[in-house]
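A.B. asks: with the input below, show me the fold.
(4 chains)
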Number of protein chains: 2
Amino acid sequence: MALVDATDRKILDLLQQDAHLTIQDIGRKINLSKTPVHERIKRLEREGVIERYVTLVDKKKLGNSLMVYCQVTLDRQTRDAFTAFEVDVRELPEVLECNRVSGTFDYLIKIISQDMDTYNHFYQEKLSVIPGTLHISSFFVMSEIKNSTLVPV
Amino acid sequence: MALVDATDRKILDLLQQDAHLTIQDIGRKINLSKTPVHERIKRLEREGVIERYVTLVDKKKLGNSLMVYCQVTLDRQTRDAFTAFEVDVRELPEVLECNRVSGTFDYLIKIISQDMDTYNHFYQEKLSVIPGTLHISSFFVMSEIKNSTLVPV
DNA sequence: TGTGTTTATAGGAATATTTCCTATAAAGAA
DNA sequence: TTCTTTATAGGAAATATTCCTATAAACACA
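C.D. replies: You can find the predicted model right below:
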């Protein structure tokens, strides 16, 4: 049998939208008793299909009103240069996402910050000082249209 | 009193990392009985500081191995053109994130797809056909370095 | 075909958690 | 001071998870 069957996908679809659904709730929605629902969820956790349960909060209400994308280019495109940059960038709590991409720059990173002063400080003191960084180009988010964690199942 | 005090921030920090922590667990970690922890969480939910509880899943194990960023430029930068594009893009489950940004293009969107064939189909049939779209430039994610939902508190 | 094994499910019982209720202590207002 | 408000604590009821046993269907194999 496949790693994830149709029933698993239904469960995952529901849990992705609301991690606080009870096993009974899920069972009711997909016409299954609590035992198989419970066992399937535990199996999906064991297999790593379910990675974690998290709480999403309102950034702005916590004082983080500025979101910025940066295109980062390193001075050398070697494996060691990539690794060194990645180790450093992972440590920065302001960096929510970092992906190495194809194209005219190396990394696209998403940064959250309180305001422009805070961002400027972060940019000058924490981001642009990472060894190997050659060029950084910032794009400021003016309006957040969509931000979903829901992977199609 | 402020909307969110120091105790609230401790609770939010813990819940952001693990939505399945029990109220008792949280109370133990911050030296508080279950009642105030429970009341604070309910208040944070009511006030919208806590937006939702979600389950994060392994994209690749569910068959979504390709992640792509697109820079989208519209043919006109009017309010109505923006609104129309945003309504359409919000409906696409492949689009996990969409932000309107400053700079030489209008939107930066993050797309998840099974593989290149699926992405090509999405690109040709669903993305590039959105009315008002002038230019799309794709950047393929080669390596995911960091992907966090943890907002600094 | 028949038998034993595996797999998925159901439902009750024990355990744990959330939710509700009452009570206490500290801080601030009249 | 005295009353009110706010934050906390802890017990009890309601709810959920977890564990246990049992049943039914699918499958392998002699």
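
A.B. asks: how near is A:Cys98 to DNA strand D?
C.D. replies: 33 Å (Cβ to the nearest atom of the strand, to the nearest Å). No exception for glycine: its C-beta is placed from N, CA and C like everyone else's.

A.B. asks: do A:Phe139 as well
C.D. replies: A:Phe139 sits 40 Å away from DNA strand D, going by Cβ to the nearest atom of the strand.

A.B. asks: partner strands of the lengthiest strand in chain A, parallel or antiparallel?
C.D. replies: The longest strand of chain A (DSSP state E) is strand A:133-147. Strand A:133-147 sits in its sheet next to strand A:66-74 (antiparallel), strand B:95-101 (antiparallel), going by DSSP bridges.

A.B. asks: buried residues in it?
C.D. replies: Within strand A:133-147, the residues that count as buried by 16 or more other Cβ atoms under 10 Å in any protein chain shown are A:Thr133, A:Ile136, A:Ser138, A:Phe139, A:Val141, A:Ile145, A:Lys146.

A.B. asks: show me the contacts for the residue of chain A positioned farthest from its centre.
C.D. replies: Ranked by distance from the centre of chain A (Cα atoms, centre = their mean), the top residue is A:Ser33, with 32.9 Å. By Cβ atoms under 8 Å, 6 or more residues apart in numbering or on different chains, A:Ser33 lies in contact with A:Gly27.

A.B. asks: pop the domain breakdown of chain A in here.
C.D. replies: The record's domain parsing of chain A by automatic domain parsing lists A:6-46, A:60-140.

A.B. asks: out of those, which gets nearest to DNA strand C?
C.D. replies: domain A:6-46 (3.0 Å; Cβ to the nearest atom of the strand).

A.B. asks: the most centrally placed residue in chain A: what's its closest spatial neighbour, skipping adjacent residues?
C.D. replies: Nearest to the mean C-alpha position of chain A, by Cα atoms, centre = their mean, lies A:Glu97 at 5.7 Å. Setting aside the residues directly before and after it, A:Glu97 is nearest to A:Lys110 in space (Cβ to Cβ, 6 or more residues apart in numbering or on different chains), at 4.1 Å.

A.B. asks: and the helix or strand where the one you found lies with strand B:66-74, angle?
C.D. replies: Using DSSP states H and E, A:Lys110 sits within strand A:107-113. Interaxial angle of strand A:107-113 relative to strand B:66-74 (axes from the mean of the first three to the mean of the last three Cα atoms, to 10 degrees): 70 degrees.

A.B. asks: now strand A:107-113 - C-alpha only, PDB.
C.D. replies: Output of strand A:107-113 as PDB, limited to C-alpha atoms (Å, rounded to 0.1, in the frame of the first residue of the first chain):
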ATOM      1  CA  TYR A 107      19.000  33.000  -2.400                       C
ATOM      2  CA  LEU A 108      15.600  34.400  -2.000                       C
ATOM      3  CA  ILE A 109      14.900  35.100   1.700                       C
ATOM      4  CA  LYS A 110      11.900  36.400   3.500                       C
ATOM      5  CA  ILE A 111      12.500  38.700   6.500                       C
ATOM      6  CA  ILE A 112      10.100  40.000   9.200                       C
ATOM      7  CA  SER A 113      10.900  43.100  11.100                       C
END
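
A.B. asks: could I get the buried residue list for the following helix or strand past that strand?
C.D. replies: Going down the chain from strand A:107-113, the next helix or strand is helix A:116-122, by DSSP H and E. For helix A:116-122, the neighbour count (16+ other Cβ under 10 Å) marks A:Thr118, A:Tyr119, A:Phe122 as buried.

A.B. asks: can you check stretch A:81-99 too?
C.D. replies: Going by neighbour count (16+ other Cβ under 10 Å), the buried part of stretch A:81-99 is A:81-82, A:85-86, A:88-89, A:92, A:94-99.

A.B. asks: tell me, which of those make contact with DNA strand C?
C.D. replies: The subset of the buried residues of stretch A:81-99 within reach of DNA strand C, by Cβ under 7 Å from any atom of the strand, is empty.

A.B. asks: closest one of the residues you listed to B:Arg40?
C.D. replies: Distance to B:Arg40 across the buried residues of stretch A:81-99 (Cβ to Cβ) is lowest for A:Leu96, with 24.8 Å.
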